[in-house]
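Trainee: I would like the atomic coordinates for the input below:
(one chain, ligands or ions: 1)
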Amino acid sequence: MPELPEVETVRRQLHDRISGKTIREVLVFKTGRETPLGEKFVQAVVGRKLKGVERRAKVLVFRFDDGAILGHLKMTGSFVFVNKKYSPTKHDRMLFVFSGDTRLIWSDVRMFGYLKVVTPDELTAALSAYGPEPLEASVGALADRLQRKSMRSIKATLLDQTVIAGIGNIYADEALHRAGVRPTRATNKVTADERLRLAKDIKNVLTESLAQKGTSANDYIDTEGQKGGFLAFLRVYGRGGEPCRTCQRPIMKTVVAQRGTHYCAYCQK
Ligand SMILES: [Zn+2]
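Mentor: Sure, this is the predicted structure:
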């Protein structure tokens, strides 16, 4: 699933191309994951001008003067700019035509993603549900967020969007490896020094991935249809059985918090 670096990459590209533009037309090819549905969605957005595209956690916020469209890519969603000659494929769900004839396709193979038109009050409520943004909060503030009496695993804590926003399976595994903390460790057994290391490594791995326009481990593409370049830099995620880049011992793969989890049994205590 796209996480902070991937969603932020998409956000920047969308913002550059469509902020200040008006939605002239929306064609719905496949209805079901937009709110309100079908023609009501079209009526709710056509003629409105986008102030900009923002991001909170893994959610895109297409902001109007009053309210917004919230967008979540989930597993396989994408927004790709196309030209006038483009013919839709079977996974395309909507075509947005903006002023200046800028065209954007919303596509989703597995149909878990969504678009939702919200009022200003609904927007405020939706965005307040998340923990701090890891690239904006200080290392100390993030470390404090990780201080919990919980017995659940530190990996589950990192995946909890109300603790810190935007971290998913890839960057949880990567940050834990960098910090030398095993993903199965109970959150309340992680020491103050380890929390600080983990907070710093969360910021580092997200920043480095963002510079590469994210990780295309599965279906992720940006608005130009391009893959992110961070896959080659991953230390553990998706590398079960391959040598640890630090100690050369094989990376272990297990399940933690119902998610496939990768770690080095030697480097991570
Ligand atoms: Zn190792």
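
Trainee: which SS class is Gln13?
Mentor: helix (DSSP: H, G, I helix; E, B strand; the rest coil).

Trainee: what's the neighbour count on the closest residue to the ion within the stretch 1-150 of the chain?
Mentor: Nearest residue of the stretch 1-150 of the chain to the ion, counting by Cβ to the ion: Leu146, 22.2 Å away. C-beta: built from backbone N, CA, C; applies to glycine. Using other Cβ atoms under 10 Å, the number of residues around Leu146 comes to 20.

Trainee: one more: Phe98?
Mentor: 19.

Trainee: bridging residues for it?
Mentor: For Phe98, the beta-bridge partners under DSSP bridges are Ile23, Thr102.

Trainee: surely it touches Leu104?
Mentor: Yes - the criterion here is Cβ atoms under 8 Å, and Phe98 meets it with Leu104 at 7.1 Å.

Trainee: okay, and the common contacts of the two?
Mentor: By Cβ atoms under 8 Å, 6 or more residues apart in numbering, Phe98 and Leu104 have these common neighbours: Ile18.

Trainee: so the closest residue to Gln226 other than its chain neighbours, which state does it fall into?
Mentor: Closest residue in space to Gln226, ignoring its immediate chain neighbours: Lys213 at 7.2 Å, by Cβ to Cβ, 6 or more residues apart in numbering. For Lys213, the secondary structure call by three-state DSSP comes out as coil.

Trainee: was I right to think the residue of the stretch 1-150 of the chain closest to the ion contacts Arg197?
Mentor: No - shown here, Leu146 and Arg197 do not form a contact pair, counting by Cβ under 8 Å, at 10.5 Å.

Trainee: can you give me the strands in the stretch 51-200 of the chain?
Mentor: Counting by DSSP state E, counting those that start in this stretch, the stretch 51-200 of the chain has strands at residues 52-56, 59-63, 68-72, 77-82, 92-98, 102-108, 114-118.

Trainee: hmm, who's touching stretch 71-78?
Mentor: Taking Cβ under 8 Å, 6+ apart as the rule, stretch 71-78 contacts 1-2, 6-7, 10, 58-62, 79, 105-110, 112-116, 218-221, 223.
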